[in-house]
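A.B. asks: Sequence and predicted structure are below.
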Amino acid sequence: MNFRIFKSSIEKGRVTLKLDEAGIVALPEIENIGRDLKRAIHAKFGRSFHIREVDTGSCGACESEIIACSNPLYDIQRFGIDFVASPRHADALLVTGPVSKNMILALKKTYEAMPEPKFVIALGDCAKDGGAFKGSYYTRDGVENILPVILHIPGCPPDPLTIMRSLLSFMHDFPCRRA
Ligand code: SF4
């Protein structure tokens, strides 16, 4: 494992469970953000928001946090967010990793297969500018160098609440599609 990633994971500890100051899982926050998210998705996109995820060479921790979004604690599907297997069913392309050179073609093909309008979301510091892999001979230092990115979700990795908050601010900024 990359030493920088190993060191940072030791320093940060777990991120999947968001705890409040008393060390209790922040359930009310999940519910509040989720409720706002559901309302915003309904207003801007109709019934749901579909995401196709592509790992372009991440360390795996960003994927763990994405998977955690669907666990029984967060369960973001109930708020109108679905992860789909086909880019043809997706509103957004969620990209993790610094974009290794052998993933460039797959990434472009996935984007091309998506219907308009389509959005690219970079999740994690690697997807933004290479992060821990920045400057590596085999990466393109972020998705922006390949596709237009509309939203960056910061973190290494971002926890599920950060992912939910970022999606909510994207929904708020997005112009209404329902006349
Ligand atoms: S941003 Fe994500 S993929 Fe990159 S090192 Fe951090 S956790 Fe791993």
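C.D. replies: Here it is on my side, so go on. Numbers count the residues shown, from 1 in each chain.
A.B. asks: Checking Q77 next. Helix, strand or coil?
C.D. replies: What DSSP: H, G, I helix; E, B strand; the rest coil gives for Q77 is helix.
A.B. asks: Just give the closest residue to it, not the sequence neighbours.
C.D. replies: What sits nearest to Q77 in space, not counting adjacent residues and going by C-beta to C-beta, 6 or more residues apart in numbering, is S70, at 6.2 Å. For the C-beta atoms, the positions are set from N, CA and C on the backbone; glycine is no exception.
A.B. asks: swap in D129?
C.D. replies: G142 (4.4 Å).
A.B. asks: any idea of the pLDDT on the one you found?
C.D. replies: Per-residue confidence (pLDDT) for G142: 95.
A.B. asks: tell me the phi and psi of it?
C.D. replies: phi 110, psi 160 (degrees, to the nearest 10).
A.B. asks: Tell me if I'm right that A113 and R88 touch.
C.D. replies: Yes: A113 lies in contact with R88 (C-beta atoms under 8 Å); the separation is 5.7 Å.
A.B. asks: I'd say the residue nearest to Q77 and F83 touch.
C.D. replies: Yes: at 6.9 Å, S70 counts as touching F83 under the criterion of C-beta under 8 Å.
A.B. asks: which residues of the protein fall in helices?
C.D. replies: For the chain, applying DSSP state H gives helices covering 3-12, 27-45, 61-68, 104-113, 125-129, 160-173.
A.B. asks: Dump those to a markdown table, plus distance to D75.
C.D. replies: Below are the helices of the chain laid out as a markdown table (distance: least, C-beta to C-beta, whole Å):
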| stretch | distance to D75 |
| --- | --- |
| helix 3-12 | 24 |
| helix 27-45 | 8 |
| helix 61-68 | 10 |
| helix 104-113 | 26 |
| helix 125-129 | 24 |
| helix 160-173 | 10 |
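A.B. asks: so which of the ones you listed gets nearest P98?
C.D. replies: P98 lies closest to helix 125-129 among the helices of the chain, at 4.3 Å (C-beta to C-beta).
A.B. asks: Report all helices and strands that that closest one contacts.
C.D. replies: Applying 3 or more C-beta pairs under 8 Å, 6 or more residues apart in numbering; DSSP states H and E, one finds that helix 125-129 contacts strand 92-96.
A.B. asks: Show me the contact partners of the strand it packs on.
C.D. replies: Contacts to strand 92-96, defined as C-beta atoms under 8 Å, 6 or more residues apart in numbering, come from residues 49-56, 58, 62-63, 66, 87, 107, 110-111, 114, 118-124, 126-127, 143, 147.
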